[in-house]
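In: This is the structure alone, sequence omitted:
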C-alpha cells in the first residue's frame with residue numbers, strides 16, 4: 001500500500017501505524033473547546049479512509065489495553081495498601097495491649113519491691129536495736 005511508506009517513520013508501532021496528532025495529509029484532528037472529544041476533518045481527495053480507520057481502531061485497542069492495565073494495577077495497589085493498613089492497626093493494638101500488661105507488671109512488682117525494702121529496713125532496725133541492747 002502507498003500509505004505504509006508514510007507511516008514508517010512518523011507513526012511507529014506505538015500509535016498503531018498512525019501519527020499521534022496528524023495521521024495523513026487528508027485527515028487531521030481538531031480539539032473541541034471545553035470537551036474531551038476530537039473532531040476529524042476528512043479531505044476526500046487525499047485520504048485513504050480505510051487505512052486511517054484501521055490505525056485509529058488499533059490506537060483505541062491499545063488505549064483500552066493500557067486503561068485495563070492501569071485499572072488492574074490500581075486495584076492491586078489499593079488492596080495492598082488496605083492490607084498494610086490492617087497490619088498496622090493490628091500491630092498498634094498489640095503494642096497497646098503489651099504496654100498495658102507491662103504497666104500492670106511494673107505496678108505489681110514495684111509495690112512488691114517497696115514491701116521488700118520496708119521489711120529489710122525493719123529487720124535491720126531490729127537487729128541494730130538488739131545488738132545495741134546486748135553490747136551496752
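Out: Nice, thanks for sending it over. Every value quoted in this text rests on a predicted model; they were computed, and no experiment measured them.

In: now the strands for this structure?
Out: With DSSP state E, the ranges of strands along the chain come out as 27-31, 38-42.

In: Worst mean pLDDT among the ones you listed?
Out: Mean pLDDT is lowest for strand 27-31 among the strands of the chain, at a mean of 54.

In: residues contacting residue 100?
Out: Shown in contact with residue 100 (C-beta atoms under 8 Å, 6 or more residues apart in numbering): no residues. C-betas here are computed from N, CA, C, even on glycine.

In: quick one: it and residue 93, what's the gap?
Out: 11 Å (C-beta to C-beta, to the nearest Å).

In: Residue 85 now?
Out: 13 Å.

In: do residue 103 as well
Out: Taking C-beta to C-beta, one finds residue 103 at 16 Å from residue 93.

In: Next: residue 132.
Out: From residue 132 to residue 93 the distance is 58 Å (C-beta to C-beta).

In: Repeat that for residue 69.
Out: 37 Å.

In: Same check on residue 125?
Out: 48 Å.

In: Same question for residue 52.
Out: Counting by C-beta to C-beta, the gap from residue 52 to residue 93 is 61 Å.

In: In terms of neighbours, single out the busier of the two.
Out: residue 52 (19 against 10; other C-beta atoms under 10 Å).

In: Run a quick neighbour tally on residue 62.
Out: Residue 62: 14 neighbours (other C-beta under 10 Å).

In: Let me see the mean pLDDT of the helix ranked longest in the chain.
Out: In the chain, with assignment by DSSP state H, the single longest helix is helix 49-134. Per-residue pLDDT values over helix 49-134 give a mean of 91.

In: now residue 63: how far from residue 53?
Out: Residue 63 is 15 Å from residue 53, by C-beta to C-beta.

In: ok, now how distant is residue 55 from residue 61?
Out: 11 Å.
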